[in-house]
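Visitor: With the input below, show me the fold.
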Amino acid sequence: MAVFIGSVGLTINFSIGIDISAPGVLTIRVQKPDRQITHWTPTLDNAVAGTCHYTTLADDIDQYGTWKAQAKWQPNGVGDDDILWGTEAEFEVLPLI
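Guide: Next comes the predicted model:
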């Protein structure tokens, strides 16, 4: 499936790979092609399996090039050393003609 600037409804799946059912903060860290970092709020699919997904909105995909995204879960009450990272997703966004 081709991904273009402005793509809406693109679903990206992520796995942290462990049980994340305890209270915590789940986000998707996204690196745009210009290396700008942003964060998306995912939908939790299965807390015990540690899976989630994000479906892109109108203004999310605003640059062409290589995008990288990774799920991040931080249990409540722990420091940055205890953040759990999931698998990285990498996808190419094509320019509009």
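
Visitor: what bits of the protein have low per-residue confidence?
Guide: Residue ranges of the chain with pLDDT under 70: none are present.

Visitor: At the geometric centre of it, which residue sits there?
Guide: Among the residues of the chain, I28 comes closest to the average C-alpha position under C-alpha atoms, centre = their mean, at 3.3 Å.

Visitor: mind listing what that residue touches?
Guide: The contact partners of I28, by C-beta atoms under 8 Å, 6 or more residues apart in numbering, come to I12, F14, H39, W40, T41, P42, C52, Y54, A69, Q70, A71, K72. C-betas here are computed from N, CA, C, even on glycine.

Visitor: Kindly recompute the last result at 7 Å.
Guide: F14, H39, W40, P42, Y54, A69, A71 (C-beta atoms under 7 Å, 6 or more residues apart in numbering).

Visitor: Check I61 too.
Guide: So I61 contacts V3, I5, G6, S7, V93 (C-beta under 7 Å, 6+ apart).

Visitor: go with 10 Å
Guide: I61 is in contact with V3, F4, I5, G6, S7, V8, L10, V30, K32, W67, F91, V93, counting by C-beta atoms under 10 Å, 6 or more residues apart in numbering.
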